[in-house]
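Enquirer: quick one: sequence plus predicted model below, questions after.
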Amino acid sequence: MSHHDEHGPRVLKHPLISRLFHWGLILGFLPAAITGFFIWLKPFGDDLQNLLMQIHIVGAAILTIACILYTIFGLDRIVAFTRRIFSWDQRDKDWLLVGGGYPQKMLLGKTIPVPPMGKMNSGQKQLGIMMFFGGIILIVTGWALYAFLPVAPKAVMYWFDMAHLVIGIILGLSVFAHIFLGIYNWGEFLCMFGDGTQTIEEAEHHNPLWIANEIEPVPGSKPSTPGQHQAG
Amino acid sequence: MARYDYVEKAVKVTRREFLGIVGVAGAVLWTGAYVATDLVQDRTKYIKMRAQGIYKDDEKAKIRQSHNNQAVTDVYKKFAHNPLSHLAEELFHTN
């Protein structure tokens, strides 16, 4: 059942700048990741492989520009993101031990209690840390391989290529898992790619600590208190 | 137009966090630029050194022209017939 519901008070979960950045990742990282796998495995002829490389480079350019613009115009979002992905406590360990309850729900159709989470759950934090460091390494090594392959020492380029490949495979596969779970949580998907809002009820279901501690009413609105409204 | 009743509390970026992020971004960019220019400079330096070495070897050499080199002459006489012969072109010339 989708938790996305038009009724009841809503919370702005993903501001415009974050949604635009996510679109940047869709248009940049995703084509780069998919073409990256083909460039690595070389299943096609020369012409198609060359075209895939061109798409890979354009994707990398979009990704790089998206990251630079987000750093400049969404610095507070990056600070919030960095704080969240590096904030771990016992709840996160317990959440990871039960896989957020997803395997039980998906494989056994069983709902089990999971520790309450803030805006990001422990799996998202894990992916966030991987993307944070992995993304920087991918961008730096990728542009170095693009621009300096003929002039750089071979040993350096060899290790840059290795790092680009291994981290690309790990991040690429992780992102496909992220997309699967994103679509599985359809309400969250609509929120990120729609107007950025979610009903309080739905946000409370996935992110109770965020609702309890990190949101405030928009000046002028008269919503019911979070947690005390009637489900809608 | 999106309508919502709640919003996330504003994120206060401390001076330390701002400096940290700007510092890390600056360090990555500076290191990248330094490595890139260093690689190009190194390459230029090695090319110059190599060219100087070749000129120096040339100055020291008794025979400086290939057509005066007995070994080269022998190769053509015994094996590749004459310069620009079909076999010589096939073996020695690059496209």
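Expert: Alright, I've got the coordinates. Numbering: from 1, shown residues only, chains lettered A, B, ... in the order given.
Enquirer: list the helices and strands the host helix or strand of residue B:23 packs on?
Expert: Assessed by DSSP states H and E, residue B:23 sits inside helix B:15-60. Helix B:15-60 sits against helix A:75-85, helix A:122-148, with contacts defined as 3 or more Cβ pairs under 8 Å, 6 or more residues apart in numbering or on different chains; DSSP states H and E. Bear in mind the C-beta positions are built from the backbone N, C-alpha and C, glycine included.
Enquirer: the residue nearest to residue A:77 when sequence neighbours are not counted: neighbour count?
Expert: Residue nearest to residue A:77 in three dimensions, not counting chain neighbours: residue A:18, with 5.5 Å by Cβ to Cβ, 6 or more residues apart in numbering or on different chains. Look at residue A:18: counted by other Cβ atoms under 10 Å in any protein chain shown, it has 18 neighbours.
Enquirer: between helix A:122-148 and the lengthiest helix in chain A, find me the angle.
Expert: Secondary structure of chain A per DSSP state H: the longest helix is helix A:154-184. Interaxial angle, helix A:154-184 versus helix A:122-148 (axes from the mean of the first three to the mean of the last three Cα atoms, to 10 degrees): 140 degrees.
Enquirer: check which residues of helix A:154-184 are buried.
Expert: Residues of helix A:154-184 classed as buried by neighbour count (16 or more other Cβ atoms under 10 Å in any protein chain shown): A:157, A:160, A:163-164, A:167-168, A:171-172, A:174-175, A:181-182.
Enquirer: and what of stretch A:75-90?
Expert: Using 16+ other Cβ under 10 Å as the test for burial, stretch A:75-90 gives A:75-82, A:84-85.
Enquirer: in terms of pLDDT, where does residue 38 sit?
Expert: All of this refers to chain A. We note a pLDDT of 96 for residue A:38 in this prediction.
Enquirer: you answered for a different chain; I wanted chain B.
Expert: Residue B:38 is assigned a pLDDT of 86 by the prediction.
Enquirer: got it, and the one 3 residues further on?
Expert: Residue B:41 is assigned a predicted lDDT (pLDDT) of 87.
Enquirer: next one: residue A:127
Expert: According to the prediction, residue A:127 has pLDDT 94.
Enquirer: hmm, residue A:174 and it touching each other?
Expert: Yes: if you go by Cβ atoms under 8 Å, residue A:127 and residue A:174 touch, sitting 5.8 Å apart.
Enquirer: could I get the phi/psi values of residue B:62?
Expert: Here is the backbone geometry of residue B:62 (degrees, to the nearest 10): phi -70, psi -40.
Enquirer: quick revisit: tell me the angle the helix holding residue B:23 makes with helix A:122-148.
Expert: 30 degrees.
Enquirer: ok, then the element right after helix B:15-60?
Expert: Where DSSP H and E defines the elements, the next helix or strand beyond helix B:15-60 is helix B:70-75.
Enquirer: buried sites along that following helix?
Expert: Residues of helix B:70-75 classed as buried: none (neighbour count, 16+ other Cβ under 10 Å).
Enquirer: helices and strands around that helix, which ones?
Expert: Using 3+ Cβ pairs under 8 Å, 6+ apart, no helix or strand is in contact with helix B:70-75.
Enquirer: and for the helix or strand following that helix, what are the contacting residues?
Expert: Counting by DSSP H and E, the next helix or strand C-terminal to helix B:70-75 is helix B:86-92. Contact partners of helix B:86-92, identified using Cβ atoms under 8 Å, 6 or more residues apart in numbering or on different chains, comprise B:76, B:79-82.
Enquirer: drop anything exposed from those residues.
Expert: Going by neighbour count (16+ other Cβ under 10 Å), those have B:76, B:80 buried.
Enquirer: I'm done for today, thanks for sticking with me.
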